[in-house]
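Engineer: Fold the following for me, if possible:
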Amino acid sequence: MVRVGIFGATGYTGVELIRILSKHEKVEIKYLSSQSYNTKAISDVYSSLIGFCDKE
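Structural biologist: Numbers count the residues shown, from 1 in each chain. Model (predicted):
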């Protein structure tokens, strides 16, 4: 299992990485970071990501 962190998770590239990596069976997303939305869950910023990743 590869554990990853995504910096800039609310930008275009970050969101696409979340979508791609959350479907990969050997990847576990452990950390998400956003300068603009640092106090919100990713699903609060992008409702389309509900269920893709439960990390904040």
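
Engineer: Contact partners for V45?
Structural biologist: Contact analysis of V45 by CB atoms under 8 Å, 6 or more residues apart in numbering lists 10, 34, 37. Backbone N, C-alpha and C define where each C-beta goes, glycine included.

Engineer: quick one, strands of the chain?
Structural biologist: With strands called from DSSP state E, the chain shows them at 2-7, 27-33.

Engineer: By mean pLDDT, flag the weakest helix or strand of this protein.
Structural biologist: helix 42-45 (a mean of 84; mean pLDDT, DSSP states H and E).

Engineer: Would you mind listing the buried residues in that helix?
Structural biologist: Of all the residues in helix 42-45, those buried under the rule 16 or more other CB atoms under 10 Å are 42-43.

Engineer: With stretch 13-29 instead?
Structural biologist: 14-15, 17-18, 21-22, 29.

Engineer: May I have it as PDB, with CA atoms only?
Structural biologist: Only the C-alpha atoms of stretch 13-29 are listed here, as PDB (Å, rounded to 0.1, in the frame of the first residue of the first chain):
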ATOM      1  CA  THR A  13      -4.800  19.100 -10.600                       C
ATOM      2  CA  GLY A  14      -5.400  18.200  -6.900                       C
ATOM      3  CA  VAL A  15      -9.100  17.300  -7.500                       C
ATOM      4  CA  GLU A  16      -8.100  15.100 -10.500                       C
ATOM      5  CA  LEU A  17      -5.500  13.400  -8.500                       C
ATOM      6  CA  ILE A  18      -8.000  12.600  -5.700                       C
ATOM      7  CA  ARG A  19     -10.400  11.100  -8.300                       C
ATOM      8  CA  ILE A  20      -7.700   9.000  -9.900                       C
ATOM      9  CA  LEU A  21      -5.900   7.800  -6.800                       C
ATOM     10  CA  SER A  22      -9.100   7.100  -4.800                       C
ATOM     11  CA  LYS A  23      -9.900   4.400  -7.300                       C
ATOM     12  CA  HIS A  24      -6.500   2.800  -7.200                       C
ATOM     13  CA  GLU A  25      -6.500  -0.300  -5.000                       C
ATOM     14  CA  LYS A  26      -2.900   0.100  -3.800                       C
ATOM     15  CA  VAL A  27      -3.000   3.800  -2.900                       C
ATOM     16  CA  GLU A  28      -4.300   5.200   0.400                       C
ATOM     17  CA  ILE A  29      -4.800   9.000   0.500                       C
END
